[in-house]
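**Student:** fold the following and give me the result.
(one chain, ligands or ions: 1)
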Amino acid sequence: MKIEILYGTETGNAEMLAEDLEAHLSGDHDVTLTNLSDADPAALAVDALNVLVCSTYGEGDLPASAQPFADRIKATAPDLSQVRFAIFGLGDREYETFGLGSDKLASLLIGQGATQLGERLVHDASGSDLAEDMAIEWVDAQVQTAATQSWAA
Ligand SMILES: Cc1cc2nc3c(=O)[nH]c(=O)nc-3n(C[C@H](O)[C@H](O)[C@H](O)COP(=O)(O)O)c2cc1C
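**Tutor:** Okay, the predicted model is just below:
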């Protein structure tokens, strides 16, 4: 399957996690890895599972590398009706705004017609779970769901 991993980060955690997912998936799939700061929303793949990994910064804000991507969506309102994505968040339950960055990003994509596969899961930096363990189990489930759909054939 074609899988495009896109990450939004402020201090590098989402990037490292996205690299872990790339390493995990690339044996069996055709995988690319892109920083959201270099991604054009209008050019999101329509024949791939887009896997987004995005942290939260400030007070429930998008991290710096995802901000230009979000601004471009708002400015250009691209038609994303053929885009399928799954999204994994990074956050910290010490903040009232736990995981809001990935929530905002998902809402922006859905607002332009994109289809979300599966549930958004957010890693809690204050919790005891390892982000890699959570994200790898989660991504395997998303890939399994996508594999049953005709566009991923
Ligand atoms: C200054 C600062 C602000 C943060 N704000 C939030 C927040 O509002 N909500 C949240 O869930 N996590 C928040 N976090 C936690 C980060 O999302 C978490 O540490 C994450 O792993 C950072 O990933 P990154 O390095 O990819 O940006 C904040 C962390 C810092 C240092």
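
**Student:** which bits of the chain sit near the ligand?
**Tutor:** Applying C-beta under 6 Å from any ligand atom, one finds that the chain approaches the ligand through 9-14, 55-60, 63, 90-92, 95, 97-100, 125. C-betas here are computed from N, CA, C, even on glycine.

**Student:** residue contacts, the residue nearest to Asn13 when sequence neighbours are not counted?
**Tutor:** Once flanking residues are discounted, Asn13 sits nearest to Leu90: 5.6 Å by C-beta to C-beta, 6 or more residues apart in numbering. By C-beta atoms under 8 Å, 6 or more residues apart in numbering, the residues touching Leu90 are 13-14, 17, 53-56, 99, 102, 122-123, 125, 131.

**Student:** closest residue of the chain to the ligand?
**Tutor:** Gly91 (2.5 Å; C-beta to the nearest ligand atom).

**Student:** residues of stretch 30-50 that come out buried?
**Tutor:** Residues 31, 33, 35-37, 39, 41, 44-45, 48-50 are the ones in stretch 30-50 that count as buried (16 or more other C-beta atoms under 10 Å).

**Student:** kindly report the same for stretch 101-119.
**Tutor:** Going by neighbour count (16+ other C-beta under 10 Å), the buried part of stretch 101-119 is 101-106, 108-109, 112, 114, 116-118.

**Student:** sitting in helices, which of those do you find?
**Tutor:** 101-106, 108-109 (DSSP state H).

**Student:** which residue ranges form the strands in this protein?
**Tutor:** Secondary structure of the chain (DSSP state E): strands at 2-8, 30-35, 49-54, 84-91, 115-116, 121-124.
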